[in-house]
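Participant: when you get a sec, could you give me coordinates for this:
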Amino acid sequence: MLRQPRCRALLLRPGPLSPASVPSVRHKLSVGGGSTGVAPLLQRPPPPLRPRAYPEAGTAGRSEPRTLPAEIPEVLRSKLQPDAPGRAHPRKIPANLRRKAREQGYLQPLDDVVAAHVEGSFRVARSRMGNFPIYTDVRNGGTKVVTILRKYSGDAHSLARALQAVTGKEVTQYHGRMEVRGRHASAMAEWLGRIGM
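Facilitator: Numbering: from 1, shown residues only. Have a look, this model is predicted:
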């Protein structure tokens, strides 16, 4: 059996509803445990917004109110007004683009890097099989590739600067290894072979 709304008598009352009875209908629909499933019969539109009136300072006895002009908040004002010709908004550059901008000046021709090498400043030992200790590591499910150099000794800072010049990327130094983003094993091996390691 379907449950009838509590205000059935009001809904079935013959004749037009007066505006005075509309709030009572709306009230009776909303009273009770839970929703009755009946929408309000009439909904009044909200009253129009009026500017607030404040009395001016020192005119407590006067009856003429002073209306304040509507002001746009400072946050929205900068977005709505066009920029001045000489003024530019500072743009926040993402970290990866800042790194790429720094790396543009690192890459040098291999001949210049080989000629700039100072003998004896650092040493890279070969593995047991006679290969260079250069390894490629794929991380983050294949989204990040890192080339790793191990078994070095001597001046690590000059080695890192030379690696930056060879690969054109930033070099991250850890204890016992240096990492460069990307696949650079062939370029690093050619450079180490040409400087006599």
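Participant: need the strands for the protein, in chain order.
Facilitator: 53-54, 66-67, 122-124, 134-139, 144-150, 152-154, 171-174, 177-181 (DSSP state E).
Participant: contacts for the fourth one, please.
Facilitator: Strand 134-139 is contacted from outside by 144-150, 179, 183, 185, 188-189, 192, using Cβ atoms under 8 Å, 6 or more residues apart in numbering. Glycine gets a C-beta too; all of them are placed from N, C-alpha and C.
Participant: let's see it at 7 Å
Facilitator: 145-149, 183, 185, 188-189 (Cβ atoms under 7 Å, 6 or more residues apart in numbering).
Participant: how about low-confidence regions in the protein?
Facilitator: Within the chain, the stretches with pLDDT under 70 are 1-42, 51-70, 72-73, 75-90.
Participant: now the strands of the chain in a markdown table, with distance to residue 101?
Facilitator: Converted to a markdown table, the strands of the chain look like this (distance: least, Cβ to Cβ, whole Å):
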| stretch | distance to residue 101 |
| --- | --- |
| strand 53-54 | 53 |
| strand 66-67 | 53 |
| strand 122-124 | 28 |
| strand 134-139 | 24 |
| strand 144-150 | 20 |
| strand 152-154 | 28 |
| strand 171-174 | 17 |
| strand 177-181 | 15 |
